[in-house]
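Q: curious how this folds, go ahead:
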Amino acid sequence: MEFPLSEDHRRAEADFRCVALDFPGYGLSDAAPDYLFTPREQSGVLERFVDRLRLHDVTMMVQDWCGPIGLGLGGRRTELVRRLIIARLRS
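A: Model prediction:
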C-alpha cells in the first residue's frame, strides 16, 4: 500500500531518514535461544545497530516498552542522540 506524502513530509524527507529496528524475536527476526528479551539486552542490540549503520545526530522517538531501551542508549551514548521524543500512552 502506498501513502501519499504531504508537503511537510516531502520537506522532512529531504532532511531526515527514518530507520526502524526489528528487535530479535519480534516481527520477522529470530532470537537466539538464550536471548532474554530484557530492556538492557535490547538496548545493547539497538546500540550495535546504530554503530553498524554509523548513525549520528539521532532523533529518537520512544514510548512504552521502548522507553527504557532507547533511553538506555541515550544515556550511554550522549554523543549520538541529539533529540529525544518521549511519547506517553493515553489512558
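Q: strands along this structure, start to end?
A: Using DSSP state E, the strands of the chain run over residues 58-62, 81-86.
Q: out of these, deepest packed?
A: Ranked by mean neighbour count, the strands of the chain are led by strand 58-62 with a mean of 16 (mean count of other CB atoms under 10 Å). For the C-beta atoms, the positions are set from N, CA and C on the backbone; glycine is no exception.
Q: residue contacts, the spatially closest residue to W65 that is not a sequence neighbour?
A: Leaving aside its chain neighbours, W65 sits nearest to P39 (7.5 Å; criterion: CB to CB, 6 or more residues apart in numbering). Neighbouring residues of P39 by CB atoms under 8 Å, 6 or more residues apart in numbering: W65, P68, I69, G72.
Q: top of these by number of neighbours, please.
A: I69 (24 neighbours; other CB atoms under 10 Å).
Q: how distant is the longest helix anywhere in the chain from the center of its chain?
A: The helix spanning the most residues in the chain, taking DSSP state H as the definition, is helix 39-53. Between the centre of helix 39-53 and the centre of its chain there are 9 Å (CA atoms, centre = their mean, to the nearest Å).
Q: what angle separates it from strand 58-62?
A: Interaxial angle, helix 39-53 versus strand 58-62 (axes from the mean of the first three to the mean of the last three CA atoms, to 10 degrees): 150 degrees.
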